[in-house]
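Peer 1: Generate coordinates for the sequence data below:
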Amino acid sequence: MDQIPNQDNLKDKDSLSADSGQSQDFSEKESYEQEYLIEQKRILDQKEKDLQSKLDELQQNNQALEARELKLNQKIQNLQDREDNLRQQLLELKNKQQLLEDKLKKESEKKDNLCQALIFEKGQAKLRSSYVDQSGNSLKECYDVFSKDMFRSKLDLPNLGELEVIRHFNCLSKLNFSVDTNFYPLGSCTMKYSPKINDYLAGLDGFSNIHPYQDQKDIQGALKLIYSLGQLLSKITGMERFSLQPSSGAQGELCGLLMIKKFHQSRGNNKTTVIIPDSAHGTNPATVSMCGFKTLVVKSDAKGLVDIDALKSLVDDQTAAIMLTNPNTLGLFEENISDIKDIVHKNGGLLYYDGANFNPLLGITNPALMGFDVVHLNLHKTFSTPHGCGGPGAGVVGVGKKLLEYLPTPLVLEKNGEYYFDYDLKHSIGRLRSFYGNFGVLVRAYAYILRLGKEGLLRVALNSVLNANYIRTSLKDYYQVPFPGVCMHEVVFSCSKQAERGALALDIAKRLIDYDMHPPTMYFPLIVKEALMVEPTETESKETLDYFIATMKKIDKEIDTDIDNLKKSPLTTCVGRVDEVKAARTPDLNFFFSDKKK
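Peer 2: From the prediction side, this is the model:
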């Protein structure tokens, strides 16, 4: 009989079995936990490794940044050192400038003492000169010749010795400004150098010691020169014949419009209007009025040229002529000149060429090719004869075939090698002035043309354009150019931006005097606000142009750094800034009636 298991033993076995299962579960769980911990450790180790790598990278970057910061700090220190040096240099320059201005002021005051005193103030009665002594010959009493009522009881004449007189007038002469001494960029005036060889030739006895009333046979050389100069000018301009009578550009304009007026009247056409651009020289409308015409103004387009559509609306059967300057006073070539010619000629009008700006066209083109019927040239501009206070001038006039019979008389003609005056022109407007023109000026212009020749005249034109554009491109970032693009012989700047900062074109122009340069033409043409018109001409060197450019830039900076002095300029002349309005309205022109003497 089988033995029945003891219940306690069964319990113990069950207990053992349960403990064994629990132990196994615990072991597996522990194993899983260990594996998990190991994996987590591995992940943490990897993260730590990655973080350490990033930390190393950040440390390297930080070191690089510290190195860059060190370099930047070094550069900043260098810049600060340079700034300190520049400030020190600027301070030294300002001190030098102040010393220079003080010196210039003293020189100016010295000139004031030497020159501003009138010779009447220097010559006092007690300082009687013995230069002219009593005559050794017996003289009649003046009362034996003239009645007593013709004499004054006192005559306040200066009493100076010859040396004092010479010094006085020499000092005054040094105050004059001329192209022979300094840069003279007067726009639309062509202030070129006048070669002294021309003065010498004009002074030869055969030219300077003849009289207009001499017999023609005695002055054949002078007549040949007049005739030959006319022939040369005809070749240069394409005109048929020239009159050399007019004494100025304005008189040349008068001559041209009088011929145009008589031309129309001889055909039964009493035309009433003459058209001028809004950029025209001021003499143009004045001449139109003097000749009895009505002035019509054609506006400029966005390019600064004649507005063709506006011109078409003005031209009709009453149009006698259009007066044009080409290049115009903005220094721009009228590129639509052929269209302008067709519009005016189609309505029976004529084209008048104001030759004030002919300099940049020499040897390149001419008024005849552009369709002009009459032209005046300023010999005192294009052909270098002295003008202004060094005058006189000559505004010679040339015409095409239509107007040959209308020229002033007399003309100089040639027949069988003999030169003579011709008064026989059917429709001549007559004589414009005494005799035959400013002969000395004609001699100078003739010498100038012969000396340069055809190739030389072409170089004149090319260099005048080059110089003007060099100034334009060098200053365009400082002074506004209202009509951008290539200019011809002159460039017009607008000082509008400078005016916004407190300095007018007038102030800038006056300041140039302190730097020994003549001001450019101011406030012209009228269509440009705060205008400065600069014409350097072909005779100026690059060094002179560079000095002008640098000075203009310096003056622009002075607006921000020293505007008070700028507004007071000129500071170095005997006479400073004057009240121009008062001077115009209440001029004091006579020493004897000035306030000092009242």
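
Peer 1: how near is the residue nearest the centre of the chain to Leu545?
Peer 2: For the chain, the residue whose C-alpha lies nearest the mean C-alpha position (Cα atoms, centre = their mean) is Val534; its distance is 0.6 Å. With distances taken as Cβ to Cβ, to the nearest Å, Val534 is found 10 Å from Leu545. In short, each C-beta sits where N, CA and C put it, glycine included.

Peer 1: what ranges do the helices span in the stretch 151-300 of the chain?
Peer 2: For the stretch 151-300 of the chain, the helices defined by DSSP state H, counting those that start in this stretch occupy 162-174, 196-202, 205-208, 220-237, 249-266, 283-290.

Peer 1: Which of those sits closest to Leu512?
Peer 2: Distance to Leu512, taken as Cβ to Cβ, is lowest for helix 162-174 among the helices of the stretch 151-300 of the chain, at 19.0 Å.

Peer 1: Would you tell me which one of the helices of the stretch 151-300 of the chain is buried the most?
Peer 2: Burial among the helices of the stretch 151-300 of the chain, expressed as mean neighbours by mean count of other Cβ atoms under 10 Å, is greatest for helix 249-266, which shows a mean of 22.

Peer 1: Map the structural domains onto the sequence of the chain.
Peer 2: According to automatic domain parsing, the chain is divided into the following domains: 196-456, 459-591.

Peer 1: Nearest to Phe120, out of these?
Peer 2: Between those, domain 459-591 lies closest to Phe120; by Cβ to Cβ that is 6.5 Å.

Peer 1: how much space is there between the closest residue to Val375 other than its chain neighbours and Gly268?
Peer 2: Taking Cβ to Cβ, 6 or more residues apart in numbering, and ignoring the residues beside it in sequence, Val375 has Tyr353 as its nearest neighbour in space, at 3.9 Å. Distance of Tyr353 to Gly268, given as Cβ to Cβ: 26 Å.

Peer 1: neighbour count winner among those two?
Peer 2: For the pair Tyr353 and Gly268, the greater number of neighbours falls to Tyr353 (26 against 6), based on other Cβ atoms under 10 Å.

Peer 1: returning to what we had before: what is in contact with Val534 and Leu545 at once?
Peer 2: With contacts taken as Cβ atoms under 8 Å, 6 or more residues apart in numbering, Val534 and Leu545 have Ile471 as neighbours in common.

Peer 1: Quick check: which ranges of the stretch 351-500 of the chain have low pLDDT?
Peer 2: Applying pLDDT under 70 to the stretch 351-500 of the chain flags the ranges 388-391.

Peer 1: Could you pull out the helices in it for me?
Peer 2: Using DSSP H, counting those that start in this stretch, helices in the stretch 351-500 of the chain cover 367-370, 439-475, 496-500.

Peer 1: other SSEs contacting the first one?
Peer 2: This means helix 367-370. Counting contacts by 3 or more Cβ pairs under 8 Å, 6 or more residues apart in numbering; DSSP states H and E, the secondary-structure elements packed against helix 367-370 are helix 337-346, strand 350-355.

Peer 1: rerun that using 10 Å as the cut-off
Peer 2: Helices and strands touching helix 367-370, by 3 or more Cβ pairs under 10 Å, 6 or more residues apart in numbering; DSSP states H and E, are helix 220-237, helix 337-346, strand 350-355, strand 374-378.

Peer 1: export these to a markdown table and tack on distance to Tyr200?
Peer 2: Formatted as a markdown table, the entries for those read as follows, by distance: least, Cβ to Cβ, whole Å:
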| stretch | distance to Tyr200 |
| --- | --- |
| helix 220-237 | 15 |
| helix 337-346 | 39 |
| strand 350-355 | 27 |
| strand 374-378 | 22 |
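
Peer 1: right, so of these, which gets closest to Glu530?
Peer 2: Go through the helices and strands packed on helix 367-370 one by one with Cβ to Cβ and the one that ends up closest to Glu530 is strand 350-355, at 24.6 Å.

Peer 1: For the residue nearest to the centre of the chain, list the residues it contacts.
Peer 2: Contact analysis of Val534 by Cβ atoms under 10 Å, 6 or more residues apart in numbering lists 185-187, 331, 467-468, 471-472, 475, 479, 487, 490-493, 519-521, 548, 552.

Peer 1: Looking at these, which are in strands?
Peer 2: Members of the contacts of Val534 lying in strands (criterion: DSSP state E): 491-493, 521.

Peer 1: Isn't Leu201 up against Ala447?
Peer 2: Yes. Using Cβ atoms under 10 Å, Leu201 is in contact with Ala447, at 4.9 Å.

Peer 1: who touches both of the two?
Peer 2: Between them, Leu201 and Ala447 share the neighbouring residues Pro195, with contact defined by Cβ under 10 Å, 6+ apart.

Peer 1: so Ala445 touches Leu229, yeah?
Peer 2: Yes. Checked against Cβ under 10 Å, the pair Ala445 and Leu229 is within contact range at 6.5 Å.

Peer 1: Tell me how far Gly249 lies from Leu379.
Peer 2: In this structure, Gly249 and Leu379 are separated by 10 Å, where distance is defined by Cβ to Cβ.

Peer 1: now Ile119
Peer 2: With distances taken as Cβ to Cβ, Ile119 is found 35 Å from Leu379.

Peer 1: Share the number of residues neighbouring His518, please.
Peer 2: Applying other Cβ under 10 Å, we find 18 residues neighbouring His518.

Peer 1: whoops, I mixed them up, Leu404
Peer 2: A count of nearby residues for Leu404, using other Cβ under 10 Å, gives 16.

Peer 1: Over to the one 10 residues further on?
Peer 2: By the measure other Cβ under 10 Å, the count of residues near Glu414 is 14.

Peer 1: Would you agree it is in contact with Gln231?
Peer 2: Yes. Using Cβ under 10 Å, Glu414 makes contact with Gln231 at a distance of 9.3 Å.

Peer 1: okay, and for this protein, where does confidence drop off?
Peer 2: Within the chain, the stretches falling below the threshold (pLDDT under 70) are 1-26, 104-116, 123-140, 388-391, 590-598.

Peer 1: top helix in it by residue count?
Peer 2: Within the chain, and with DSSP state H defining each element, the longest helix by residue count is helix 7-111.

Peer 1: Next, the angle from that helix to helix 162-174.
Peer 2: Taking axes from the mean of the first three to the mean of the last three Cα atoms, to 10 degrees, one finds that helix 7-111 is oriented at 150 degrees with respect to helix 162-174.

Peer 1: Which neighbouring elements make contact with helix 7-111?
Peer 2: By contact count (3+ Cβ pairs under 10 Å, 6+ apart), the secondary structure elements abutting helix 7-111 are helix 162-174, helix 505-514.

Peer 1: closest one to Leu296 among those helices?
Peer 2: The nearest among the helices and strands packed on helix 7-111, by Cβ to Cβ, is helix 505-514 at 28.8 Å.
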